[in-house]
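K.L.:
Could you work out the structure for the sequence below:
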Amino acid sequence: MTQQPAYTSPTERVQAWAEGPTLHIRFNNPERHNALSVDMWQAVPPLLRQAEQDEAIRLVVFSGAGDKAFVSGADISQFEDMRAAREAVRQYEAMAEEALMAIYHCARPTLACIRGYCIGGGVNVAISCDLRIASDDATFAIPAARLGLGYRLSALKNLVDLVGVGTAKDLFFTARRIAAAEAKSLGLITRVCPGDELDALLKEYIDALAQNAPLTVYAGKRIMQEILEPDADLDRDLCQGLIRACFESEDYAEGRRAFMEKRKPQFRGK
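P.N.:
Model (predicted):
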């Protein structure tokens with residue numbers, strides 16, 4: 001049996017560890033409510049690249065240390081150094097964009113497990129993920145208009161794709177804070193539960209992704225990303241190839257056998 005590789009974060013402010021088929025990435029800056037510092041942004045892409053090479057990983061879970069925040073935004077203590085000058089702005093934005101696009105394009109399903117504050121950059125991380133669950137004490141906001149920041153195209157596109165242009169304008173123009181219940185009603189998150197039940201809800205997703213066919217999940221994720229592209233840019237050949245690969249896989253044969261034998265399938269991602 002191949003030993004699963006260890007995951008080592010380049011900074012103590014991001015913790016990473018694998019538990020069976022799940023890679024956990026935890027933002028660990030609790031004294032600043034897990035605000036994202038430069039080293040935290042930089043830690044994400046290499047961890048995701050490693051996960052994509054790890055056949056054992058079926059799900060990547062993002063969370064925040066402690067019970068106060070998922071991510072409370074960018075670490076504003078670094079703004080003078082990283083965002084005051086034109087070149088610094090360019091570097092900072094490129095670094096954040098790389099991290100968020102690494103999450104969005106990750107070949108493995110990604111899930112944001114949200115407790116407490118999910119503000120600004122925290123919302124960007126969450127909406128870059130495929131799935132979003134939250135405790136009922138979670139709070140969401142995009143405060144860019146109160147800070148005078150320019151907001152990147154990809155983040156606004158993700159927001160519009162998720163909640164629609166009307167709701168996106170409401171949240172962005174007003175910079176208002178919303179509770180988890182409203183976030184769910186708007187489609188910003190999909191599941192909400194009491195705080196003491198969040199771990200159990202997360203386990204429900206971990207178990208489901210561990211049991212389901214990873215090639216089918218990946219194909220569905222990739223095709224849905226294509227659906228969000230303008231029709232002229234939609235790669236229909238890619239979509240058909242992904243579907244064909246599922247039907248030609250060992251997992252499809254296993255799924256058929258398991259159905260006929262009235263047992264749970266054992267999918268291997270092959």
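
K.L.:
burial measure for A112, as a count.
P.N.:
By other Cβ atoms under 10 Å, the residues close to A112 number 26. Quick note: C-beta positions are derived from backbone N, CA and C, even for glycine.

K.L.:
That one bridge partners, please.
P.N.:
Here A112 sits in beta bridges with F62, R132, going by DSSP bridges.

K.L.:
Can you pull the phi/psi pair for the nearest residue to T110 once chain neighbours are set aside?
P.N.:
Once flanking residues are discounted, T110 sits nearest to C129: 4.2 Å by Cβ to Cβ, 6 or more residues apart in numbering. Here is the backbone geometry of C129 (degrees, to the nearest 10): phi -80, psi 160.

K.L.:
how close does C129 sit to L147?
P.N.:
Separation of C129 from L147 (Cβ to Cβ, to the nearest Å): 24 Å.

K.L.:
residues touching L186, list them.
P.N.:
Contacts for L186 (Cβ atoms under 8 Å, 6 or more residues apart in numbering) come out as 163, 167, 171, 178.

K.L.:
Looking at these, which one is closest to A74?
P.N.:
For the contacts of L186, the closest approach to A74 (Cβ to Cβ) belongs to L171, at 17.5 Å.

K.L.:
which element is the closest one on?
P.N.:
Taking DSSP states H and E as the definition, one finds L171 inside helix 165-174.

K.L.:
Let me see the backbone angles for D136.
P.N.:
When read as degrees, to the nearest 10, the backbone of D136 gives phi -70, psi 0.

K.L.:
next one: R191
P.N.:
Backbone dihedrals for R191, given as degrees, to the nearest 10, come out at phi -140, psi 140.

K.L.:
which one is it nearest to, not counting chain neighbours?
P.N.:
In space, R191 is closest to I133, 4.4 Å off (Cβ to Cβ, 6+ apart).

K.L.:
I'd say that neighbour and K203 touch.
P.N.:
No: between I133 and K203 there is no contact under Cβ atoms under 8 Å: 10.9 Å.

K.L.:
More neighbours: these two, which one.
P.N.:
I133 (25 against 11).

K.L.:
Can you get me a residue count around A94?
P.N.:
A94: 12 surrounding residues under other Cβ under 10 Å.

K.L.:
quick one: it from D75, how far?
P.N.:
Distance from A94 to D75, by Cβ to Cβ: 17 Å.

K.L.:
Name the nearest residue to E55, ignoring sequence neighbours.
P.N.:
In space, and not counting its chain neighbours, E55 is closest to G269: 6.0 Å by Cβ to Cβ, 6+ apart.

K.L.:
any idea how far I114 is from that neighbour?
P.N.:
28 Å.

K.L.:
of the two, who's got more company?
P.N.:
I114 (32 against 17).

K.L.:
isn't that one right up against I133?
P.N.:
Yes: if you go by Cβ under 8 Å, I114 and I133 touch, sitting 6.9 Å apart.

K.L.:
No more questions from me, cheers.
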